[in-house]
Every structure is written in C-alpha cells, then in structure tokens.
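*Asks:* Sequence first, then the predicted structure:
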Amino acid sequence: MIIAIGGLTGSGKNTLGERLARRLGYAHVCPTFKDIAEKEGIPLMELQKKAEKDPNIDLKFDEILQEKVKKGNCVVTTWLGPWVIDADVRIWIYATETVRASRIKDRDKMSEKEALKHLKERDDNNRKRYQKLYKIDIDDHSEFDCSLNSGIYRPEQLEGIVMKIIETKRR
C-alpha cells in the first residue's frame, strides 16, 4: 500500500508520515528540494528560483520519487506526492500560516518574521510552478481521502484518523 501525504511547508506532513511509517512498518519516502539544494551547496530559495526556469529540476525530482515508491508499502511525504504517484491513500495536512511559521522558525532557526516571509514566498513559488509545469492546483484536494488540520489535532490524533482511513481502504 502507498500512502501519500501532501501539505505546505510546516504543515506536519513529515511528522505524520514518520509516525505512520513506523506504526505500519513501511518505508518513509521523503525526498525534498532542501536535500537537492544542500547537495548542490546552494540555498533552498535559490534552487526554487532555478526550478522556475528549468522544469527538468522538478521532473528529475519526480523520477527519483517514482523510483523510491516502486517497491510499495511506503508513506510518501512530499508537496506533490499525492498527485504524481499512484497512491492508495491520499491525505492533505494543513495549518494556518501562523502555526506553520512558528514550526519552521524553530526547525530552521529563523525569526517569526523571516519564517512567515519564507513560507509565503515558497508557497507562492510552488503554486505557480506546479500550475505551469503540471497543471496541478495544489489547493484542490477534491481527489483526496481527507484533509486534516494539524493546527488543531495533535500528531497522535492525526495518526489515529489516518489509520482508520487506511483500515477502511484495506477492506
């Protein structure tokens, strides 16, 4: 079974994905643009700007993702995973900008103001790029099994809700 969890930066998709993968004994597949930027020795937002001009960066990322999910039995946590892989379960995780900024300021060692600016820039950049390259509206979750607010549910509650969805899909 392939479970794909999408969400914007700081939404909690990786936290949920790690919990589900551990509980199910599945692989956690979590390639990120941050990893690519780090390998190239450039800041994340510089890679984002390069990807705006060079669609091959996103397409190569998708190839890597597709290769990693071939074995099945995994939990994928990427922005576009629910759209670009053939998942059995698709979940969208969201939270307000304030909640997400608070999370990433601690995680990425930024001020609240820097975190909020980073979120807005990254969200806007990705929305435009994904619409242009894939014709995907990342704000349309109509094909998802559910959409959950990680700003009001704790990780263990989200895990429980998603496990009920997985169990239903397995039947």
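*Replies:* All right, it came through fine.
*Asks:* can you give me the strands in this protein?
*Replies:* Taking DSSP state E, the strands of the chain run over residues 2-7, 27-29, 74-77, 89-94, 146-149.
*Asks:* centre of the chain versus the first one, how much separation?
*Replies:* Centre-to-centre, strand 2-7 and its host chain are 7 Å apart (C-alpha atoms, centre = their mean, to the nearest Å).
*Asks:* Name the surrounding residues that touch it.
*Replies:* With contact meaning C-beta atoms under 8 Å, 6 or more residues apart in numbering, strand 2-7 is reached by 13, 16-17, 20, 24, 26, 69, 72-83, 85-94, 138, 144, 150, 162, 166. Glycine gets a C-beta too; all of them are placed from N, C-alpha and C.
*Asks:* What pairs with it, parallel or antiparallel?
*Replies:* Strand 2-7 has the following sheet partners, assigned by DSSP bridges: strand 74-77 (parallel), strand 89-94 (parallel).
*Asks:* out of the strands of the chain, nearest to Arg127?
*Replies:* Arg127 sits nearest to strand 2-7 of all the strands of the chain, at 12.7 Å, using C-beta to C-beta.
*Asks:* Report the buried members of the contacts of strand 2-7.
*Replies:* Among these, those buried by neighbour count (16 or more other C-beta atoms under 10 Å) are 13, 16-17, 20, 24, 26, 69, 74-83, 85, 87, 89-94, 138, 144, 150, 162, 166.
*Asks:* That's all I had, so thanks and see you.
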